[in-house]
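A.B. asks: Here's a sequence, model it:
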Amino acid sequence: MDSSVARPAVEVRDLRMTYGDKTAVDGLTLSVAEGSITAVLGPNGAGKTTTLETCEGYRKPQQGTVRVLGLDPIADRKQLLPRIGVMLQGQGAWSGVRAMEMLKHIARLHAHPLDVDYLAERLGLGECGRTPYRRLSGGQQQRLGLAMALVGRPELVFVDEPTAGMDPQGRRTTWELLRELRTDGVTVVLTTHYLEEAEELADQVHIIDRGRMIASGTPLELTRGGATATVRLVVTKPFPPGARESLRKALGEDTEVTLLDERSMRVTGKADPTTLSKVSRWCEENDVLPESLTLGRRSLEDVFLDLTGGVHLTEGVEHV
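C.D. replies: Residues are numbered from 1 along each chain as shown. Here you go, the predicted structure:
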C-alpha cells in the first residue's frame, strides 16, 4: 500500500440502518478527506443524523462498515474518543450549569486542552460566562457547544448546525474559526440548514435524501450550470394565486419556475439575454412589484432544491 496516499478521516461503506419498517440509511457510501471541511446535507429525515451518530459511535451499524481515523467507532471507542470532538444538537450541557463552568469541566476531561479563556474570548462567551445554560440565547448555546467540541484539541470534529441562532457577526466568527481548524490540519464534518454556509466553507459536499447519496462534489462542481441561467425574483408582497403557472407560460415550456416561498421564485432555463426582460414584463402585466431581480449561476440552494424535489432544509431536530 502506498503510504503517501492520505487515508480518509471518515469512511462509510454500504451503511444500512432501519427502525422497524422504516429505512433510515439505505446502502450509503461516503468518505471525508483528512484536513478538509466536508458538508453533509439533506432534508429532515434524510438519514444525516443516523449516519453521523454511527460515525460518532452512538449507534452500531446494522449492515456495512464505518471507520473514523482508521478505527471502528464501537470496537475502538476508547482509542477514538480522545481524538474527536462532537457538537451535539442538544449540546450536552446541564440546565443549571454556568457556561464557563461547563467549558472548564469538559477541558479537565482532556489531557492537553486548549486554553479555556482564549477559546471563550474567541467565541464571544466572555459576556455570558456566569450565565446558567438554560438562560443563554440560542446563539450563545451554540457557541458553548462548539467550544466544548473543540477544547480537547480534536483531530476530527463533527459540528451539527454550528451557527443556528447566531447573529451575522457570530456566524462570521464561527466560519473563521472553522477555516483556521482546517488550516491547522483538523478535519471538520459539518451539517447545516444554511446552504450559503455549506457553499462558503465546504471543500466537499455530500447531499443525502431518503438514506441514499444523491450528489457529491465540490460546491463549484455541483453548481456549475453550463448553458443554464437562473433568475431570482423577490417581490414586495405575496404573489397572486396562480403566479407560478402564469410566469411559466409567459416564459415557455423550456423554463422551470419554482415557488421558493410566498415572495420569491426561481426561474431556471436557457441562458437567454431576453429572460430578464420577459420576467420584468410579466411583473408589469400582473401588477407585481419586484424587490430584486437577479441573474446568475445556480447556487447550492438551487441544486439542493432540484435534487430533493423542492424540499427546503429546515431548522429543527432530525429524527433519522
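A.B. asks: any idea how far the residue nearest the centre of the chain is from residue 204?
C.D. replies: For the chain, the residue nearest the mean C-alpha position is residue 192 (2.3 Å; C-alpha atoms, centre = their mean). Counting by C-beta to C-beta, to the nearest Å, the gap from residue 192 to residue 204 is 14 Å. Yep, even glycine has a C-beta here, placed from its N, CA and C like the rest.
A.B. asks: hey, what's in contact with both of these two?
C.D. replies: Jointly contacting residue 192 and residue 204 under the rule C-beta atoms under 8 Å, 6 or more residues apart in numbering are residue 39.
A.B. asks: pretty sure the residue nearest to the centre of the chain contacts residue 161?
C.D. replies: Yes. Contact criterion C-beta atoms under 8 Å: residue 192 and residue 161 qualify, at 5.8 Å.
A.B. asks: And the pLDDT for the residue nearest to the centre of the chain?
C.D. replies: Note for residue 192: predicted pLDDT of 92.
A.B. asks: Got phi/psi on it?
C.D. replies: Backbone torsions of residue 192, given as degrees, to the nearest 10, read phi -160, psi 150.
A.B. asks: who's in contact with it?
C.D. replies: Contacts of residue 192 by C-beta under 8 Å, 6+ apart are 39, 41, 161-164, 198, 313.
A.B. asks: wait, which of the residues you listed is closest to residue 252?
C.D. replies: Proximity of those to residue 252 (C-beta to C-beta) peaks at residue 313, which lies at 30.3 Å.
A.B. asks: Assess the claim that residue 11 and residue 66 are in contact.
C.D. replies: Yes. If you go by C-beta under 8 Å, residue 11 and residue 66 touch, sitting 7.4 Å apart.
A.B. asks: Between the two, which is the more surrounded one?
C.D. replies: Taking neighbours as other C-beta atoms under 10 Å, residue 11 and residue 66 compare with residue 66 leading, 22 against 17.
A.B. asks: mind listing the strands in the stretch 201-320 of the chain by residue range?
C.D. replies: Per DSSP state E, counting those that start in this stretch, the stretch 201-320 of the chain carries strands over the ranges 204-209, 212-217, 228-235, 256-261, 264-270, 290-296.
A.B. asks: any idea which of those is most buried?
C.D. replies: Highest mean neighbour count among the strands of the stretch 201-320 of the chain (mean count of other C-beta atoms under 10 Å): strand 204-209, with a mean of 23.
A.B. asks: pLDDT averaged over that one - what is it?
C.D. replies: The model assigns strand 204-209 a mean pLDDT of 97.
A.B. asks: Report the beta-bridge partners for the closest residue to residue 217 other than its chain neighbours.
C.D. replies: Distances taken as C-beta to C-beta, 6 or more residues apart in numbering put residue 205 closest to residue 217, at 6.6 Å, once the chain neighbours are dropped. Under DSSP bridges, the beta-bridge partners of residue 205 are residue 39, residue 217.
A.B. asks: pLDDT wise, what is residue 271 at?
C.D. replies: In this model, residue 271 carries a pLDDT of 61.
A.B. asks: To clarify, my last question referred to residue 3.
C.D. replies: 45.
A.B. asks: So residue 307 sits against residue 214, correct?
C.D. replies: Yes. Applying C-beta under 8 Å, one finds residue 307 in contact with residue 214, separated by 5.3 Å.
A.B. asks: what sits in contact with each of those two?
C.D. replies: residue 207.
A.B. asks: follow-up on the earlier one: list the contacts of the residue nearest to residue 217.
C.D. replies: Counting by C-beta under 8 Å, 6+ apart, residue 205 has contacts 38-39, 41, 198-199, 215-219, 222, 300.
A.B. asks: Just send the residues you listed back as TSV, with pLDDT and distance to residue 182 too.
C.D. replies: Converted to TSV, the contacts of residue 205 look like this (pLDDT from 0 to 100; distance: C-beta to C-beta, whole Å):
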residue	pLDDT	distance to residue 182
38	98	10
39	98	12
41	96	18
198	95	14
199	93	15
215	95	22
216	96	19
217	95	18
218	94	14
219	92	15
222	89	19
300	88	18
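A.B. asks: quick revisit: among the contacts of residue 192, which lie within strands?
C.D. replies: 39, 41 (DSSP state E).
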